[in-house]
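Trainee: Next come a sequence and a model predicted from it.
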Amino acid sequence: MILIIAIAHKKKLLSFWSVAIAVIFIAIGGWLLKPESQEAKNLKNELYTIVNEQVGATSNMDKIRISNLVVSKNSGGWDVELSLNADKGFTMISTKQMMWQEAIKILAAVSEIDQLDEVSISWIYPVLNEQKDVEYKNVMSFTLDKATRDQLVWENLEPSILPDLVYDYEEHLILSE
């Protein structure tokens with residue numbers, strides 16, 4: 001008899017914990033899958049408009065300019081991650097310079113949005129892999145914070161100094177060829 005009571009008690013305890021764990025997973029899942037806020041949607045729309053107006057909706061290689069756009073809320077405002085398809089220049093040097101020039105156009109325009117904190121830009125460009133197949137890869141990336149953006153006089157900014165102004169600047173070897 002005691003064995004039957006102990007088994008019944010274990011089943012009730014197991015059922016309780018199963019329900020409790022399910023409720024926790026549902027709550028966490030609902031939090032993680034929370035729909036994007038209207039503020040985030042508005043900010044994304046504004047950023048799409050800025051990029052399209054400043055550098056065009058497509059690259060000169062017929063790729064949609066914005067490959068990916070992520071906005072995330074932080075304690076000081078919003079962080080933005082832009083992945084953009086780059087234009088092709090006559091040489092790799094001119095291609096890199098175009099990336100800098102276009103990034104400055106975008107950064108100058110987004111600097112007017114007060115609630116933006118960090119803006120990260122990544123440029124995507126076709127690169128041959130080891131099998132000699134073309135892959136679209138991140139060839140340049142960097143981040144610029146609000147404090148630095150607010151100090152710059154965008155009209156007088158020489159594109160070649162952009163790597164010295166930003167942080168986390170990375171450049172693929174292809175841009176040095």
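Mentor: Received it, and whenever you're ready, just let me know what you need. Numbering: from 1, shown residues only.
Trainee: so after the lengthiest strand in the chain, what's the next helix or strand?
Mentor: Looking across the chain with DSSP state E, the single longest strand is strand 116-128. On the C-terminal side of strand 116-128, the nearest following helix or strand under DSSP states H and E is strand 134-144.
Trainee: What helix or strand is the residue nearest the centre of the chain located in?
Mentor: Geometric centre of the chain, nearest residue: E81, 2.2 Å, by CA atoms, centre = their mean. Using DSSP H and E, E81 maps to strand 77-85.
Trainee: Would you indicate which residues of that strand are buried?
Mentor: W78, D79, V80, E81, L82, S83, L84, N85 (16 or more other CB atoms under 10 Å). Every C-beta, even on glycine, is put in place using the N, C-alpha and C of the backbone.
Trainee: pLDDT score for the first one?
Mentor: Spelled out, it's W78. Looking at W78, its pLDDT is 96.
Trainee: what residues are up against it?
Mentor: Applying CB atoms under 8 Å, 6 or more residues apart in numbering, we find W78 in contact with A40, L43, V71, S72, Q115, L116, D117.
Trainee: before we move on, what about the last one?
Mentor: By CB under 8 Å, 6+ apart, the contact set of N85 is T58, S59, M61, K63, I64, R65, I66, S67, W123, I124, Y125, Y136.
Trainee: In ChimeraX, select just the buried ones from those.
Mentor: Entered in ChimeraX, the line below selects the buried ones among those, by 16+ other CB under 10 Å:
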select :59,63,65,66,67,123,124,125
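Trainee: Looking at the contacts of N85, which is nearest M92?
Mentor: Closest to M92 out of those is Y125 (9.4 Å), distances taken as CB to CB.
Trainee: How much space separates the closest one from Q97?
Mentor: Per CB to CB, to the nearest Å, Y125 is found 13 Å from Q97.
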